[in-house]
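**Q** Next input, structure requested:
(one chain, ligands or ions: 2)
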Amino acid sequence: MTYVLALDAGTTSNRAIVFDSSGAPLSSASVALPQHFPHDGWVEHHGGDIIDGLVDSARAAIAEAGIEPGQIAAVGLTNQRETTLVWDRSTSEPVYPAIVWQDRRTAAYCADLKAAGLEPEFAAKTGLLLDPYFSGTKIRWILDHIDDGQGRAERGELAFGTVDTWVAWVLSGGQRHIMDASNAARTLLFDIDRQCWDASLMGHLNIPAAMLPSVLDSAGDLAPIQAEFFGAPLRLTGIAGDQHAALIGQACIEPGMVKSTYGTGCFMMVNTGQRRLPSQHRLLSTLAYRLNGVCTYALEGAIFNVGTSIQWLRDGLAVLDDAAQSQAMAEQARDDEVFLVPAFTGLGAPWWDANARGLICGLTRDTGRNEIVRAALDACAYQTADLLQAMEADGQPCAALRVDGGMVVNDWLCQRLADLCGVRIDRPEVTETTALGAALLAAIGAGLYPDLAQATAQWSLQRSFQSTLDAPTRGLRHRAWQGAVKRALSE
Ligand SMILES: Nc1ncnc2c1ncn2[C@@H]1O[C@H](COP(=O)(O)OP(=O)(O)O)[C@@H](O)[C@H]1O
Ligand SMILES: O=P(O)(O)OC[C@H](O)CO
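**A** Ligands and ions are numbered 1, 2, ... in the order given. Next comes the predicted model:
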């Protein structure tokens, strides 16, 4: 019997899941990832914590599965995207903490680049916008804030990577400086049509080629893993950014299929096939995955905060004891017009306002904790509706939305998604789709499956939720929500 190990380096935790050869999860373990907020709008992780969390959770999952490390035929890696690390090649020590995707410190720099008229070129080549979310401006910031950063980078002493690159570097004992194409697509430096680092974009940000990794397919013989980590020498054979892996884990491999993942943030992706569709409505046009050199593209809506609201209500305001309680509280809440706009780190798609600030509005004297919790869950559904509206306007209507992520165990939220978005919500049996997608890629990379169609054939539905709200009421609610968002915008 052979097994596949999936390593999932997420924003709030590092996880590992052992899958059997049919794609069924056997065991899992996770380690919370410490978050650092050194200044307003800054979010950092420590590179060493990411490695420790992944290694500890993988060892625990392997032990719980009761298997020998040598029975692991393939390892897949999936990761929080855009988060930026720079390390010294000779010591493998990060020169600065990882600047997390949510971090807004480069907002003013992005505004300067936009004012210089550069956004159209970045958008045309990368499919992205000039927002602090993406890696490019974060690399620039690090080089500007360490001793001789530019010089060391130009001399080839420093290496840049997203989290996949960092993990592959460490697990391979510094033998591989690689990034899969889906992660490269989030850096602001990679031309997703030509599939190469773009010299002109690198020039605009003054980023030296010497610090950039080699870009590889999402599956294949990607890197060796040293025996010291998991007890046997293993091979990393699949890598994808977490939302790209979730698209695969949800078996959204045909054009027009849509998934939405609800964790820290919410990320909706529609598969657009081999056709790259530029967005006219402030969505991202991105690379879904690259297999055997063939690119599959996607349109993506990225919302920065959904689960964060629940965490904030629990840890910041002590309104909740645990996240699961949100369901019962929302069920008991009055159907008030209370809105919570979770612009904790600005707003992503389709608003893209790095300086927006969160708000709660529509309060009356009898608004209570239940109504605030309900408003936090409602915000997930309204933000999803914003994305669906933009996708439809871009010519990608959605009939059914496959949902996953830590929040979708919440039935009330799933029903609310159906009601406020007016689409069928499909929840799969395996909601750990991110890890599953990484495992499937790894299995393809190791030759256990011939192609994506066979690898994803096991997807199965756990439950569907149909809308019970009439269209006029839905429209009224959505417009009221958009009114609340306008109050949160910075200008
Ligand atoms: N029953 C629940 N109802 C609503 N939110 C939940 C529930 N359980 C977990 N969450 C939220 O889901 C998020 C965790 O999802 P997860 O997919 O693990 O996140 P990530 O991959 O971004 O680290 C947390 O923000 C948590 O507050
Ligand atoms: O860690 P997650 O699941 O919130 O995902 C983070 C995204 O990849 C950021 O783009």
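**Q** Residue numbers of the protein in contact with ligand 1?
**A** 10-13, 263-264, 307-308, 310-311, 323-324, 326-327, 405-407, 409-410 (Cβ under 6 Å from any ligand atom). Bear in mind the C-beta positions are built from the backbone N, C-alpha and C, glycine included.
**Q** The longest helix along the chain: how far from the chain's middle?
**A** If you go by DSSP state H, the chain has its longest helix at helix 369-393. Relative to its chain's centre, helix 369-393 lies at 18 Å (Cα atoms, centre = their mean, to the nearest Å).
**Q** Over to stretch 63-79?
**A** How far stretch 63-79 lies from its chain's middle: 23 Å, per Cα atoms, centre = their mean.
**Q** Going forward, count from 48.
**A** With 48 as the first residue, the last one maps to stretch 110-126.
**Q** I'd like the mean pLDDT over the longest helix of the chain, please.
**A** Mean per-residue pLDDT for helix 416-440: 96.
**Q** near ligand 2, anything from the following helix or strand past it?
**A** Next helix or strand after helix 416-440 toward the C-terminus (DSSP states H and E): strand 447-451. No: figure legend: strand 447-451 not in contact with ligand 2 (Cβ under 6 Å from any ligand atom); closest approach 10.0 Å.
**Q** got the contact list for the next helix or strand after strand 447-451?
**A** Sequence order places helix 458-468 as the next helix or strand after strand 447-451, per DSSP H and E. The contact list for helix 458-468 (Cβ atoms under 8 Å, 6 or more residues apart in numbering) reads 309, 373-374, 377-378, 424-425, 427-429, 431-432, 435, 448, 450, 454-455, 471-472, 474, 510, 512-516, 521, 524-525.
**Q** All the helices of the stretch 148-297 of the chain, residue numbers only.
**A** 154-162, 166-173, 182-192, 196-201, 210-218, 228-231, 246-252, 274-277, 289-296 (DSSP state H, counting those that start in this stretch).
**Q** in the second one, what counts as buried?
**A** When neighbours are counted by 16 or more other Cβ atoms under 10 Å, the buried residues of helix 166-173 are found to be 166, 169-170, 172-173.
**Q** Check the third one too.
**A** Judged by neighbour count using 16+ other Cβ under 10 Å, the buried positions of helix 182-192 are 182-190.
**Q** Is that helix positioned near ligand 2?
**A** No: using Cβ under 6 Å from any ligand atom, helix 182-192 stays clear of ligand 2, with a minimum separation of 10.3 Å.
**Q** what pLDDT, on average, does that helix get?
**A** Mean pLDDT, helix 182-192: 98.
**Q** again, but for stretch 387-398
**A** Mean predicted lDDT for stretch 387-398 stands at 91.
**Q** Wondering if that stretch reaches ligand 2 at all.
**A** No: taking Cβ under 6 Å from any ligand atom as the criterion, stretch 387-398 and ligand 2 are apart, separated by no less than 8.9 Å.
**Q** Which stretch among the helices of the stretch 148-297 of the chain is buried most, on average?
**A** Across the helices of the stretch 148-297 of the chain, the average number of neighbours (mean count of other Cβ atoms under 10 Å) peaks for helix 289-296, which reaches a mean of 32.
**Q** what does it contact?
**A** Helix 289-296 has contacts (Cβ under 8 Å, 6+ apart) with 55, 57, 123, 125-128, 229, 265, 287, 300, 306, 308, 314, 316, 318, 334-336, 345, 347, 451-452, 477, 479-485, 487-488, 499, 502-503.
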